[in-house]
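[1] only the shape, not the letters, is given here:
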Ligand code: SF4
């Protein structure tokens, strides 16, 4: 293991301190929401969601919306997968699903009538391109019937694409249907790794898809990689990251594979002996970060890197970056309407989640109701802590003065306990803190989740009830 500190040049974005990471990496939430989804409860029901939308109307609902559409189907299963998906080759299932999804969209469209301007759309899954070209065209038309979309130059319309599921023509068609951003799942180019995770995706297929997205005029191309997969070695990930950088995408995400077979059944098919050990994984991460920095990518946060001119990097510089269920985003003010099985919305001061099984999802819609099965109403304390966690995750700093001006608290007394814990992290070099600012240091950035966990009241309270390692992935 390399225990030395590796300064990463030329952009001083990140310092990789392997010793510190090894010492402090622990299981923790990814904070795509605060409170996290495991705090949602069944007391929150459909009527609470209606009330939240109603409050938006009463308050004048000035902000544009974000829409998330979940397409749960996949042709085959990747063994590392922790997503909510349905693996089937029976295309009729998608046809039925689309009928219900369109019903849900129409109900949401009616609810948001008068404030239905959409600035951000994201299709995730599963595999959104499991839908045929015709089905996707029809669904996009339906969306336009119920929502009003900001024009292409201003709106962010993105889709997750499995390169194995598309042709060059299909990529052009997606652009014509209105998508202007694309995210491609790659994971690793190495054939042995691909076999070990049951995702055979020849390199030329991925590179052809990237080329097609360019000629089709997509504005942002994002590539997802995973380190820590079975059969992966430092040499294999080094080859992959080098080839991916050469393909010149706007954004690159390097996710850590979280092996949680007690939570995700497909992972039980991964032989634990094939997994790289934690020292090798740290070396893989260090290598990827160094390559990305040298290639000029900016560290956005968590697993994400972007070119300096990419909207995420610009939003970060301007202090406008936001984090939601889809990861980092530039649309801080938007309420998020999420449609499809298991999708999670964030409207006003509430989170709400749809039924998690497709049968339940259909049942609820058959009863003429939106399929909301659980959710959460934020308290003022949650709103305050959500704000702090957002700022730290997105900007790596927090202005204590601004916080005290926006909320009726004295930071020192309200967060007395937290300040003690932050003091310990300060001693370890993760952050600096004075009466005005909390600043995350360059070597604290990779451990940002550790810092945010200090402010997570629910996690702190629940720590004595269960071990976070049972529910969450490791922080690095
Ligand atoms: S990783 Fe993506 S394509 Fe593979 S099974 Fe999971 S959702 Fe489907």
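    All right, it came through fine. Just so it is clear, the structure is predicted and the values come from calculations on it, not from any experiment. Residues are numbered from 1 along each chain as shown.

[2] get me the contact residues on the stretch 151-300 of the chain for the ligand.
    Neighbours of the ligand within the stretch 151-300 of the chain, by C-beta under 6 Å from any ligand atom: 162, 185. For every residue, glycine as well, the C-beta is placed using N, CA and C.

[3] from the stretch 151-300 of the chain, which residue is nearest to the ligand?
    Residue of the stretch 151-300 of the chain nearest the ligand, by C-beta to the nearest ligand atom: residue 162 (5.1 Å).

[4] need the contact list for that residue.
    The neighbours of residue 162, taking C-beta atoms under 8 Å, 6 or more residues apart in numbering as the test, are 74, 127, 129, 184, 185.

[5] and the furthest pair within those?
    74 and 184 (15.2 Å; C-beta to C-beta).

[6] show me where the stretch 351-476 of the chain has its helices.
    358-366, 380-395, 400-406, 411-414, 416-427, 448-455, 457-462 (DSSP state H, counting those that start in this stretch).

[7] I'd like these laid out as a markdown table, including mean neighbour count, distance to residue 178 and mean pLDDT.
    Listed next are those as a markdown table, based on neighbours: other C-beta atoms under 10 Å; distance: least, C-beta to C-beta, whole Å; pLDDT from 0 to 100:
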| stretch | mean neighbour count | distance to residue 178 | mean pLDDT |
| --- | --- | --- | --- |
| helix 358-366 | 16 | 25 | 98 |
| helix 380-395 | 19 | 27 | 95 |
| helix 400-406 | 14 | 37 | 95 |
| helix 411-414 | 14 | 45 | 97 |
| helix 416-427 | 14 | 44 | 96 |
| helix 448-455 | 23 | 34 | 96 |
| helix 457-462 | 15 | 38 | 89 |
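
[8] now those in TSV, with distance to residue 347?
    Listed next are those as TSV, based on distance: least, C-beta to C-beta, whole Å:
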stretch	distance to residue 347
helix 358-366	18
helix 380-395	14
helix 400-406	21
helix 411-414	27
helix 416-427	28
helix 448-455	23
helix 457-462	20
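
[9] tabulate the ones you listed (JSON lines), appending distance to the ligand.
    Listed next are the helices of the stretch 351-476 of the chain as JSON lines, based on distance: least, C-beta to the nearest ligand atom, whole Å:
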{"stretch": "helix 358-366", "distance to the ligand": "15"}
{"stretch": "helix 380-395", "distance to the ligand": "24"}
{"stretch": "helix 400-406", "distance to the ligand": "38"}
{"stretch": "helix 411-414", "distance to the ligand": "41"}
{"stretch": "helix 416-427", "distance to the ligand": "34"}
{"stretch": "helix 448-455", "distance to the ligand": "22"}
{"stretch": "helix 457-462", "distance to the ligand": "27"}
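
[10] looking at those, which is closest to residue 278?
    Proximity to residue 278 (C-beta to C-beta) singles out helix 448-455 among those, at 16.4 Å.

[11] does that closest one pack against any helices or strands, and if so which?
    helix 380-395, helix 416-427, helix 457-462 (3 or more C-beta pairs under 8 Å, 6 or more residues apart in numbering; DSSP states H and E).

[12] so what touches that helix?
    24, 26, 28-31, 301-302, 385, 388-389, 392-393, 396, 415, 418, 421-422, 425, 430-431, 440, 444, 459-460, 475.

[13] again with stretch 385-401
    Residues contacting stretch 385-401 (C-beta under 8 Å, 6+ apart): 31, 33-35, 301-302, 316, 319, 321-323, 328, 378, 403, 406-407, 411, 435-440, 444-445, 448, 451-452, 455-457.

[14] next SSE after the lowest-mean-pLDDT helix or strand in the chain?
    Here the helix or strand of the chain ranked lowest by mean pLDDT, DSSP states H and E is strand 5-7, holding a mean of 43. The element immediately downstream of strand 5-7 (helix or strand, assigned by DSSP states H and E) is strand 15-17.

[15] any idea which residue sits dead centre in this protein?
    In the chain, the centroid-proximal residue (C-alpha atoms, centre = their mean) is residue 327; its distance is 2.7 Å.

[16] run through the bridge partners of it.
    Counting by DSSP bridges, residue 327 forms beta bridges with residue 324.

[17] contacting residues for it?
    32, 253, 302, 304.

[18] starting at the chain centroid, how far to stretch 78-87?
    Here stretch 78-87 is found 16 Å from its chain centre; the criterion is C-alpha atoms, centre = their mean, to the nearest Å.

[19] please apply the same query to stretch 252-269.
    How far stretch 252-269 lies from its chain's middle: 15 Å, per C-alpha atoms, centre = their mean.

[20] separation between residue 275 and residue 186?
    Counting by C-beta to C-beta, to the nearest Å, the gap from residue 275 to residue 186 is 19 Å.

[21] neighbour count: the two, which is higher?
    More crowded of residue 275 and residue 186, by other C-beta atoms under 10 Å: residue 186, with 25 against 18.

[22] out of the contacts of stretch 385-401, which end up buried?
    Buried positions within the contacts of stretch 385-401, assessed by neighbour count (16 or more other C-beta atoms under 10 Å), are 31, 33-35, 301-302, 316, 321-323, 328, 378, 403, 411, 438-440, 444-445, 448, 451-452, 455-457.

[23] in what helix or strand does residue 300 lie?
    If you go by DSSP H and E, residue 300 is part of strand 298-301.

[24] residues near residue 356, how many?
    Residue 356, neighbours per other C-beta under 10 Å, totals 14.

[25] so it makes contact with residue 344?
    No - counting by C-beta atoms under 8 Å, residue 356 does not reach residue 344; the two are 10.5 Å apart.

[26] out of everything not next to it in sequence, what's closest to residue 171?
    Ranked by C-beta to C-beta, 6 or more residues apart in numbering and with sequence neighbours excluded, the top spatial neighbour of residue 171 is residue 212, at 4.1 Å.

[27] which residues does that neighbour contact?
    168, 171, 172.

[28] highest neighbour count among those?
    Scoring those on neighbours with other C-beta under 10 Å, the highest-scoring entry is residue 171 at 25 neighbours.

[29] any stretches of this protein with poor pLDDT?
    1-12, 61, 464-476 (pLDDT under 70).

[30] so for whichever strand or helix holds residue 121, what gets flagged as buried?
    Element membership for residue 121, per DSSP H and E: strand 117-125. Within strand 117-125, the residues scored as buried using 16+ other C-beta under 10 Å are 117, 118, 119, 120, 121, 122, 123, 124, 125.

[31] cool, and stretch 232-249?
    232, 236, 237, 240, 241, 244, 245, 247, 249.

[32] determine how far that stretch lies from the middle of the whole chain.
    Distance of stretch 232-249 from the chain centroid (C-alpha atoms, centre = their mean) equals 22 Å.
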